[in-house]
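Student: Got a predicted structure here, sequence first:
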Amino acid sequence: MLMPCQAGRRWFRPDFPLCIRTRGGRHLTSAHSPRYAVIGGGLAGVAVAWHLLQASSPTKPLSLDLIVQGEGLADGASGAAAGLLHPTSPRGKLMWRGDEAFLATRRLVDVAEAAGRKQIAWRQGVLRLAQTQRQDEQLRAAAETMPSARYVPASHLDAILAGLTEEASAGLGALLFSDGMALDTKGYLDGLWADTQRRARELGTEAVLHENTTVHDLAELNAGKGPYAGIVLAMGAGVADLAGVKDHLPPFMDMVAGISLTLELGAEGSAGAVHPERVHGAEPPTATTAVEPDAHSPDARCAGDLPAPALPPVWLMSGLGARGLLYHAWLAQLTAEGVLRGGEEHLPPELLRWRRRGG
């Protein structure tokens, strides 16, 4: 969850971006343009970097460093994403703020495609097949409430996807979200970063990609490459390896192994070998557990203090999990606004539910 900064506190829930305000965090003032650090080259990190530069102006320019552990972008869990973009749950229901999130991501897809000058999205729609009779009923009901979706009975599936016969679908139908798309995630992030750099050149500032850079200590990073006016952590489970952060992660923010599925067509055209692979190729497991936002508003709990008097304000955007492709663009915009404003007035009230839980 994207949480507003509050001095000396950190708030978490592993399904939306989070915010940390370090104790003693302050915005720097300088005769030069402020510089920000974004750690992580996945969906969250690149989108935050793009929004930070978009919020800059010739009269108030800023520079940023995008710091990634591997070579290039999408080196971690984001690079293993299937790339199916749609705003619905397995039951076919519209996700919380799903329309808004979908439109925000679609906008960035258009930007990235124009900047990269190649196709990165295939816009034929997304088909969600029912797996049970109960889900079939749920998808049929959901289609009646969503103008952009329609229910496809089993007898008509072959017309949508050749070879998908009524027998193959076990007589179950599907929900077709006509605005959905399949996305080349790596190409998308490369294109979005190219547009970020274009914007920096337009403003006469810098957007620098630091590859093969492992950050162990934020204070050392700030002293070595900074000083920064703010730091955004968008590095997935890697945040647990940062000095002074790991011991403050809440117990419900568990780590799980990312899974890549390799499908091989057998002699009769059936799916063959399926095996797991580590997303980052490192131990411990490499992705943060994502609790699917099944209600219309997320929640959060207080996890404690993060003593870091030598740091500027630090924001954590993590735990997007399986909903990262849908939510990352909209939530990155909120994160960037929070970083630059240093406040919470722009946040939707649902994102402030944590206050009613105490802490």
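Tutor: Yep, it's here. Numbering: from 1, shown residues only.
Student: Who are the contact partners of the residue nearest to residue 45 when sequence neighbours are not counted?
Tutor: In space, and not counting its chain neighbours, residue 45 is closest to residue 234: 3.6 Å by CB to CB, 6 or more residues apart in numbering. Where C-beta positions appear, they are placed from N, C-alpha and C, glycine not excepted. With contact taken as CB atoms under 8 Å, 6 or more residues apart in numbering, residue 234 is in contact with 38-40, 42, 44-45, 48, 316-318.
Student: 10 Å instead?
Tutor: 17, 38-49, 66-67, 78, 315-318, 320, 328, 332, 335 (CB atoms under 10 Å, 6 or more residues apart in numbering).
Student: Next one: it from residue 129, what distance?
Tutor: Noted for residue 234: a distance of 33 Å to residue 129, by CB to CB, to the nearest Å.
Student: just residue 209 next, same as before
Tutor: 39 Å.
Student: again with residue 119
Tutor: From residue 119 to residue 129 the distance is 26 Å (CB to CB).
Student: who's more crowded, these two?
Tutor: Comparing residue 119 with residue 129 by other CB atoms under 10 Å, the one with more neighbours is residue 129, at 19 against 10.
Student: Bridge partners for the closest residue to the more buried one other than its chain neighbours, pull those for me.
Tutor: Leaving aside its sequence neighbours, residue 129 sits nearest to residue 174 (CB to CB, 6+ apart; 4.6 Å). Legend: beta-bridge partners of residue 174 under DSSP bridges are residue 129, residue 152.
Student: which residues does residue 174 contact?
Tutor: 92, 126-130, 135-136, 139-140, 143, 150-154, 156-157, 160-161, 164.
Student: Filter these down to the buried ones, PyMOL style.
Tutor: Burial among the contacts of residue 174 is assessed by 16 or more other CB atoms under 10 Å; the matching PyMOL selection reads:
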select buried, resi 92+126+127+128+129+130+135+136+139+140+143+151+152+154+157+161+164
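Student: In helices, which of the contacts of residue 174 fall?
Tutor: In helices, judged by DSSP state H, the following of those are found: 135-136, 139-140, 143, 157, 160.
Student: okay, how far is it across stretch 206-225, tip to tip?
Tutor: 13 Å (CA to CA, to the nearest Å).
Student: list the buried ones in that stretch?
Tutor: Residues of stretch 206-225 classed as buried by neighbour count (16+ other CB under 10 Å): 207, 209, 215, 218, 221-222, 225.
Student: so which pair among the residues you listed is furthest apart in space?
Tutor: 207 and 218 (20.3 Å; CB to CB).
Student: so is residue 36 in a helix, a strand, or just coil?
Tutor: strand (DSSP: H, G, I helix; E, B strand; the rest coil).
Student: OK, contacts around the closest residue to it other than its chain neighbours?
Tutor: Here the nearest residue to residue 36 in space, its sequence neighbours aside, is residue 64; by CB to CB, 6+ apart that works out to 4.5 Å. By CB under 10 Å, 6+ apart, the contact set of residue 64 is 34-38, 48-50, 52-53, 56, 196, 200, 205-209, 228-230, 232.
Student: Mind giving me the ChimeraX command for buried ones among these?
Tutor: Here is the ChimeraX command that selects only those of the contacts of residue 64 that count as buried (16+ other CB under 10 Å):
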select :34,35,36,37,38,48,49,50,52,53,56,196,200,205,207,209,228,229,230,232
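Student: Narrow the contacts of residue 64 to those in helices?
Tutor: Reading helices off those with DSSP H, I get 48-50, 52-53, 196, 200.
Student: which one among the residues you listed gets closest to residue 347?
Tutor: Closest to residue 347, out of all of these and judged by CB to CB, is residue 48, at 15.4 Å.
Student: What pLDDT is listed against that closest one?
Tutor: With respect to pLDDT, residue 48 has a value of 96.
Student: those helices in this protein, which residues are they?
Tutor: 43-55, 98-116, 133-143, 157-160, 185-203, 218-225, 324-341.
Student: so can I have TSV of those showing distance to residue 349?
Tutor: Below are the helices of the chain laid out as TSV (distance: least, CB to CB, whole Å):
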stretch	distance to residue 349
helix 43-55	21
helix 98-116	14
helix 133-143	26
helix 157-160	40
helix 185-203	29
helix 218-225	31
helix 324-341	13
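Student: just the ones you listed: most buried one?
Tutor: helix 43-55 (a mean of 26; mean count of other CB atoms under 10 Å).
Student: Determine the angle, from 0 to 180 degrees, between that one and helix 98-116.
Tutor: Following axes from the mean of the first three to the mean of the last three CA atoms, to 10 degrees, one obtains 80 degrees for the angle between helix 43-55 and helix 98-116.
Student: Show me what helix 43-55 is packed up against.
Tutor: In this structure, helix 43-55 makes packing contacts with strand 35-39, strand 63-67, helix 98-116, helix 185-203, strand 207-210, strand 230-233, helix 324-341, judged by 3 or more CB pairs under 10 Å, 6 or more residues apart in numbering; DSSP states H and E.
Student: for the chain, what helix or strand is lowest in average pLDDT?
Tutor: Lowest by mean pLDDT, DSSP states H and E among the helices and strands of the chain is strand 287-288, with a mean of 26.
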